[in-house]
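# what's the 3D shape of this:
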Amino acid sequence: MSLFRTKAFWSNQCSNDEEYDQSSIKVSRINSDSDFVLIGSHSGVLRIYKPTGPAFGENAFYRPNDLYLETHLGEAILQIDVGKLVSGSQSKQVAILYPRSIGIYTLLSKDGIAEHGTQNILNLVYEHKLERSAANFIIGPFGGVQNRDFICIQSVDGVLTFFEQETFSFACTLPNFLLPFPIAYVKSFDILVTLSSDWILKSYKYRSLSEFANEEKSKRDVESLWEYNIGEGVLDIQALYDDISRQSHVAVLGEKNLYCFNDYRLRFMKKLEFLPFCFLFYFLDDGKCMFLIVAETNTLLLYEGTTLKWSAKLDFLPIAIDRAFFNEINGALVMLSENGYLQFAYLGTEPNIFSAPPLKNLDIDFDKIENELATLNSIIKSNYTNNMSLTNANVEREELVITISVSPQIENFINDRTIDQPCCNVSIEIVPQAVFEEVHLSVTVQKPLTVIPSSEIYNNLVATTSLTCLVYSSASYTIPSLEIEVAASYITNLGRPRVCSKTAIVPLHFLYECCPPLKDSQHRIILNLSENSMPLLELFPEFVGKNSLTSATNAIGFKHFTTNAPVVTILVAKSYRRYRLQSDDLLCLNLLVQEVTRRLRSNVNSSSFTISYTSQLPIAEFLVYVKSHSETNQRVNVLQNELNLLSSQYRQIQKRLVAKFKQKNPTALGNLDILLQTTYEDIINVITKLKEGKDQLLDSQIKLACVLNLIQTLLNLMDTNGKSMETINATFIPKVYDYENQNWEDVIDAGLCYLLRTSLAKTEKDKLRAPHTSFEEVKDIPKLEKHFAQVLERISKGCAVEVGNEKEIETTEIANEVPQRETKEINHLGTEFATASTRAISAARQSLLRRRHKVDG
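Predicted structure coming up:
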C-alpha cells in the first residue's frame, strides 16, 4: 500500500462506448515544440490532444481547445505511430494500422484570426493494402538508412511485411510461430526483437530477413542473431539507446518478471510480486535506467534498475502509460484506461493517510453500559430466534405461503401438442407476505416422471403469483413414487437464506387402471389394522363403476397404463382386519402399498388407529437390486474411463499429424492415418456402449428406488411406536443419485455403518468402537450387502420380539393354562442369564474406560 497519490492536473473521458488497448496511444511532437497525444479507439475514432492551459493552479483543467483533432476513420484502429514515412520529406507523418491496411497521414494546420478559428486537417498521403490480417507494426530506419523510416507489419499468422515508405519491399515468415507477440527494433544493431511461441526471446538481423525472403524455395528457417529463454508470456517490449553509455537496451515486461538486456546479454532481471498491466522504459539525463510499472492494485511503481524508488496510488487502472513534455511541465505521466479515460499527472507528494480522531478518556459508566447491553439483547431476541430450523410452518406464517392443487382430470397434450402419455395438471400458487428481490421455485418428481417447467425465477415478487406445471411419465418404467415436491428458496429481509417446501400426490388413476384381480401371485404383503378394514369402494372412489367395482367388492386389480408390468391385486378381509396385496413383481407392490397406507390414515379419524406389518422383509430380493445397480454403475464408470483414454489418444494422434503436415519436407505418416481412423471407430463403439450402459443404469436406479420406497414403508409399519424411525428413514434414502465423485452406495454404506455402531449395536462393546469416518468409494459389494442384511435383520427381529411378547401376555391372560411353578423357573433362569450378561458387559465397559484413562494420563 502506497502512502502517496499521483496528482492529476488534466483529464478527459474520450468516450463512453469505445474500447482501447496499450497500442492505442502515442505521444510525439509531430513537427512541433511540444508533444501531441494521439488516441485511436477500436471504433475507428482518432483524437489528438494538446493541452493549452496552465498545468498548475485553479485553471488547470480540460479545455475544449485542448482537443486538437477528432475524426472518424471508418475502421478499427489497431496501432498508432509517428515517423518519416514520405519520400523527399523531412517532416514526420502519422501511421495508423487497420485490420487489413495501413494509412500514412500528414497533419496540417490552417491558422485563423482567433484561436477557435484554427483548422486542423488530417490528410491521407498513401495507403498499403494488406493480404493478411494485421496484429501490430514498428517503424524504424531499417538497414541503417538516414533521414527516413521504413515500416514492418506483423500479421496474426507470423508473416513480417516490410514497406520502404511508398514501396513494398519483401515479406518473410517467422519460425516457430503461434500467436503474435510485441515486437521492437534496436537501431544500433539493426535487429528486430520478438518472442516465439515457445517463450524464447529472439532477435533477427534485418539483412538476414531480407536475404531469407529473397531466397526462392528456401528449405531452412531464418536464423536468429541471439536468443534468451524467458519461459513466460510477454506483455510489452521496448528498446532505447543510452547516449551516455552508448549502449542499446531492450526492456521486456513479462507476466511475473522484468528483464533488461544490453549488448546481447542479460543486464538484470527483477521478480515482480504483483501482476503488471503496462510499463514505460526511459533514461534520465544522467543516464539512470528508469521503469514505470502499473500494478493490478491501481499502484504506480518507479524503479531505478531493480531498486524501488517511489510508489503512488492511482485513481484508476490504466491500460497504457507514457511520458509527455508540455510547455510548463516536463515528463508528465500520460495514462489511458481501457474505457477511454485519459489523464495527465505527476507523482507529487500528496499523502494518502487516514488519521484517526483522538480518543476521549472518559470515565466508564458500568451501569449505563449494562443497561445498553440488556436493551440490545432484547432487540436481538425479538428479531432472531434460537430455533434456526427452517420449518414450513414458520415460513408460511411469516413470509411465504405455497399452495399446490392437483387436477383430477387427465390430459393428453403438452403445449398444444398431443402425446401418447397421460398428463396431470398441477397448479402452484405463491402468496408473499413481504417483498422479495428474487425467489427461485423448483418442482421435482422422481424418475421416470417428468415435470415441465421444472423451475422458475421470480424477480421483485410482491403480489400473488401462480405457476402451472404438467406431470407425465417420460419412459416405460415402474413408478417409484407419486409425490411431487415444490421448493421455494429465497433470502429474507434480515439476510437469512430460507427454503420453503410443500409436497402433493399425483392421482393414482393418472398411471393405473382397474383390471380383473388374480388369485395367485409370487409376492405377498399383508397389512394388519387395529380397527375394521374399509371397503375398497371407499378406499378408491375414483375407480367407481370401472371393472364392476361396487360396495360388495373385496378384491380389485390394478395395471399400469404404459408398461407391461404384472397386475397388482388388493384383497380385503373384513373379519381379520387386514389387507393383502400380491403381485408377480415386487416392484409393482411399492406404489400400491404406499397408496393404501396413505389413504387408510387419511380416511380413519382415530388416534388409536395403527397399521402394522409383521411378516419378514424381502431382504433377498432387495439385495439383488442393490447388486444389479452397483454392477451397472461400475460398468458405466469403466466405459467412461475408456472413453477418456481414447479421447486423449485421439488428440495426441491429431497433434502428431498436424506436426507432420507443417513440415516443409514431407515425410511418411507412419500409419498415423490408420491409427486415427481405428481410434475414431473405437470411440464410436464405446459411446454406443456407454449410451446403452446409461440406459441400463437409469433402469437399475428406478428399480432400486422402487424397492427402497417399499422397504422404507414396511419399516415404518413394523415400528408401531415410531422408535428410531427418524434415523432409519434418514439412512434408507429412496432417491437414488449417482454423481461423478460419489455414488449412492458410498452414501448409504456410511449410514448403515453408523446404525450398526449406535442404535442397532448388539452389545455395549460395539457402541464403544471408533465411529465410521471413511467416505471412500465402495468397491466391496458383498460387504455392502452384508451391512444391508444385518441392519434389516436386526430391525425386523427387534420388532418381532416386541410383537411376540405382546401375544404371550395376551395368551397368559386369556388361557392361564401354564403352571405358576414353570413360569417362575423360566423367569428365574432367564433372569440369571440376563444378570450375568449385564455384569459381563458392565465389567468389560469399565475395563475399557480404565485403559482409556491410563492412556490419556
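
# what packs against whichever helix in the chain runs longest?
The residue-count maximum for a helix in the chain (DSSP state H) belongs to helix 672-718. When contacts are defined as 3 or more Cβ pairs under 8 Å, 6 or more residues apart in numbering; DSSP states H and E, helix 672-718 packs onto helix 586-603, strand 611-612, helix 619-662, helix 725-731, helix 781-814. The C-beta positions use only the backbone N, C-alpha and C, and glycine is treated the same way.

# relative to helix 672-718, how tilted is the longest one?
Going back to what we said before, that points to helix 619-662. 160 degrees (axes from the mean of the first three to the mean of the last three Cα atoms, to 10 degrees).

# report the angle between the axes of helix 619-662 and helix 586-603?
If you take the same axes, to 10 degrees, helix 619-662 sits at 120 degrees to helix 586-603.

# by contact count, what packs against helix 619-662?
By 3+ Cβ pairs under 8 Å, 6+ apart, helix 619-662 packs against helix 672-718, helix 744-757, helix 781-814.

# list the helices and strands the second one packs on?
Contact here means 3+ Cβ pairs under 8 Å, 6+ apart; on that basis helix 744-757 packs against helix 619-662, helix 725-731, helix 764-767, helix 781-814.

# okay, those in a markdown table with distance to Leu482 next?
As requested, these are exported to a markdown table (distance: least, Cβ to Cβ, whole Å):
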| stretch | distance to Leu482 |
| --- | --- |
| helix 619-662 | 20 |
| helix 725-731 | 18 |
| helix 764-767 | 39 |
| helix 781-814 | 25 |
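
# okay if I get the ones you listed as TSV plus mean pLDDT and mean neighbour count?
TSV is the format used below for these (pLDDT from 0 to 100; neighbours: other Cβ atoms under 10 Å):
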stretch	mean pLDDT	mean neighbour count
helix 619-662	87	15
helix 725-731	71	14
helix 764-767	63	13
helix 781-814	56	14
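
# these: which one's closest to Ile104?
helix 619-662 (35.5 Å; Cβ to Cβ).

# so how far is the closest one from its chain's centroid?
24 Å (Cα atoms, centre = their mean, to the nearest Å).

# ditto for stretch 29-43
How far stretch 29-43 lies from its chain's middle: 45 Å, per Cα atoms, centre = their mean.

# endpoints of it, how far apart?
End-to-end span of stretch 29-43 (Cα to Cα, to the nearest Å): 25 Å.

# what lies in contact with it?
Outside of stretch 29-43, the residues within contact range by Cβ atoms under 8 Å, 6 or more residues apart in numbering are 14-15, 17-21, 24-28, 46-50, 68, 76-77, 79-80, 82, 91-92, 94, 96, 107, 324-327, 334, 336, 340, 342.

# centroid residue for this structure?
When Cα atoms, centre = their mean is applied to the chain, the residue found nearest the centroid is Glu740 (14.9 Å).

# would that residue count as being in a strand?
No. Applying DSSP: H, G, I helix; E, B strand; the rest coil, one finds Glu740 to be coil, outside a strand.

# can you check the pLDDT for it?
Here, the pLDDT recorded for Glu740 equals 70.

# one more: the one 4 residues further on?
In this prediction, Trp744 carries a pLDDT score of 77.

# kindly report the same for Ser32.
Reported pLDDT for Ser32: 81.

# Three-state assignment for it, please.
coil.

# I appreciate the help and will end here.
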